[in-house]
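Participant: below is the structure, and that's it, no one-letter string:
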């Protein structure tokens, strides 16, 4: 039986909630009281690669189906993550983008893609991220896992470019190239390339083959141990469970992992074998458990917030078998529920209360991935530079139980996949949705737009016409717009207003607001800028000093005077400077909207 009706989904979700959870907004739910937060809050943010919410067994499903026939009703478990959910908060309506890079850029910046996603593998260093914010606040920062979103510039090579986003320490895959991620991986560790491809020696710490997830996990654990006595922010974008599909060090017998091909042909060929997907999920949870154990061992578990989220849903080759034996199909790359709906677990002992009866405390409000940055910033008590450009809304008050209402009533999405923002008219998918309805803006494929009633059609399969897009994603035309019920029509109109309110406005002018008169050597001042119109979407800028030896300027607009002289400080609008970290001859254009001042140093 295929999981393809919204009514079925709603009934099953309600049943699961009634049986196993406590609603966070309920005034009579048995919830532990939350004492005062500790002196400082460490943050561990874990991002799972390619896994729907039902890929975490805390959400009520513990079996997998393979549409290739590799397995059916295959049981699996994620006990380490389930324990964090049971001792914290399970967010039941968390949504990301359909594919990973769109999510990663949005997650790090708190911005929707219409603000700062210009081209794949090209995020420019001028983009302000949570790494920058935590570093600015005095935190030690570390990133360990999958990177993907940059390739460097002529000024800063790809292997060093990660540090431009505020990371003090990193060990990452997919930095200068994709390469291999699992057996004998290709990694960059603090600016040094470590390519294990073809190696025959064994990892001395495991006695097994070199395994990418183990290596980056080990660096994450070392980071915790090294920084236990000071505030730290650990971002752990896991390599698992993205394809290629391979056995893990826990796959039995050991000889399977020990002799499996290190390279892959993908599509379930060669070194890509989808029968090992359940093993990969379980090993992912095991590695999460190692992070938790290290926090306990180092005595910092009690003042560490742990957030676990998925970057997009499960691949279409797998399905999640529900308790009633229906199948919720994976659909990575699609914009329906089964492409966007991801796990989100929040755990902070004594601060984010758990239920007191052993069930899962949950939150039924909508959560967008842009909400993560403002939430962890509020939890840690740090400022977000240029906070007005952050689209996310903090749900920290809801997580701690201080506010029983839901923090947002809709999600707006602007999505271009693996394309350039200049191609939005051809490939863009723009929509707004709430818990019950979803409206798509007009597009090249559907000039009239589309509308779905999610109460009965969560996977968006209603419509007289269907278009099959890349990766086999099917897009249906939706409900007939001339026969909507009054309730549907009201929702259609309301969501239309949201879409219209978010139409991209171009930047027409910039100004630097508080130019200093004269600086002394060693002075640092913070410059600010204004954008016209105030609702312009791509309001980011590139800061440039004509003579950095006299005075340098960083991405936050902080000018530091180094020696006597004078220099021009210029800002260029993201809207037409088009800054890219794509190893191009010209990193950004300087002929468009800009503003400048002259800084004198005595």
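Facilitator: Alright, I've got the coordinates. For clarity, every value in this text was computed on a predicted model and none was experimentally measured.

Participant: where do the helices sit along the stretch 401-550 of the chain?
Facilitator: Per DSSP state H, counting those that start in this stretch, the stretch 401-550 of the chain carries helices over the ranges 424-427, 486-501.

Participant: give me the contacts around the longest one.
Facilitator: It refers to helix 486-501. With Cβ atoms under 8 Å, 6 or more residues apart in numbering as the test, helix 486-501 has contacts from 410, 412, 430-434, 436-439, 441, 451, 453, 479, 481, 484. For every residue, glycine as well, the C-beta is placed using N, CA and C.

Participant: in the longest helix along the chain, which residues are buried?
Facilitator: Taking DSSP state H as the criterion, the chain has its longest helix at helix 277-297. Buried residues in helix 277-297, counted by 16 or more other Cβ atoms under 10 Å: 277-289, 291-292, 294-295.

Participant: shaky segments in this protein?
Facilitator: Scanning the chain for pLDDT under 70 picks out 1-38.

Participant: domain ranges for this structure?
Facilitator: Using automatic domain parsing, the domain parsing of the chain gives 6-403, 429-501, 509-601.

Participant: buried stuff in stretch 563-577?
Facilitator: For stretch 563-577, a neighbour-count test (16+ other Cβ under 10 Å) marks 567, 569, 570, 571, 572, 573, 574, 575, 576, 577 as buried.

Participant: which secondary structure element contains the third one?
Facilitator: What that stands for is residue 570. Using DSSP states H and E, residue 570 sits in strand 565-573.

Participant: got the contact list for that strand?
Facilitator: By Cβ under 8 Å, 6+ apart, strand 565-573 touches 507, 510, 512, 527, 529, 531, 538, 540-551, 553, 559, 579, 588-590, 592-601.

Participant: let's go with 7 Å and repeat that
Facilitator: 507, 510, 512, 527, 529, 541-547, 550-551, 553, 559, 588, 590, 592-601 (Cβ atoms under 7 Å, 6 or more residues apart in numbering).

Participant: partner strands of it, with direction?
Facilitator: strand 541-545 (antiparallel), strand 594-601 (antiparallel) (DSSP bridges).

Participant: in TSV: the ones you listed, plus distance to residue 149 and mean neighbour count.
Facilitator: Shown next, in TSV, are the strands paired with strand 565-573 (distance: least, Cβ to Cβ, whole Å; neighbours: other Cβ atoms under 10 Å):
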stretch	distance to residue 149	mean neighbour count
strand 541-545	17	21
strand 594-601	25	17
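
Participant: looking at the ones you listed, which is closest to residue 246?
Facilitator: For residue 246, the closest of those is strand 541-545, at 40.6 Å, according to Cβ to Cβ.

Participant: what comes up buried for whichever helix or strand comes after the closest one?
Facilitator: Where DSSP H and E defines the elements, the next helix or strand beyond strand 541-545 is strand 551-553. Neighbour-count burial for strand 551-553 flags 551, 552, 553 (criterion: 16+ other Cβ under 10 Å).

Participant: now the last one: how far from residue 527?
Facilitator: Translated: residue 553. Using Cβ to Cβ, to the nearest Å, residue 553 is found at 7 Å from residue 527.

Participant: identify the contacts common to these two.
Facilitator: In terms of Cβ under 7 Å, 6+ apart, residue 553 and residue 527 are both contacted by the residues 559, 569.

Participant: that older thread, which among the buried residues of stretch 563-577 gets closest to residue 366?
Facilitator: Residue 366 lies nearest to residue 574 out of these, by Cβ to Cβ, at 27.9 Å.

Participant: do you have the strands of the stretch 251-400 of the chain handy? List them.
Facilitator: 304-310, 318-321, 327-329, 341-342, 344-347, 360-368 (DSSP state E, counting those that start in this stretch).

Participant: so which of these comes closest to residue 393?
Facilitator: Going by Cβ to Cβ, the one of these nearest residue 393 is strand 360-368, 7.8 Å.

Participant: residues in contact with residue 394?
Facilitator: Contacts for residue 394 (Cβ under 7 Å, 6+ apart) come out as 371, 374, 375, 378.

Participant: could you redo the last one with a cut-off of 10 Å?
Facilitator: 110, 371, 372, 373, 374, 375, 376, 377, 378, 379, 384, 407 (Cβ atoms under 10 Å, 6 or more residues apart in numbering).

Participant: which pair of these spans the longest distance?
Facilitator: Between any two of the contacts of residue 394, the greatest separation by Cβ to Cβ is 16.2 Å, found for 384 and 407.

Participant: from what I see, residue 369 and residue 45 are in contact.
Facilitator: No: using Cβ atoms under 10 Å, residue 369 is not in contact with residue 45, being 11.2 Å away.

Participant: name the residues contacting each of these two.
Facilitator: Joint contacts of residue 369 and residue 45 (Cβ under 10 Å, 6+ apart) are 107, 108, 309.
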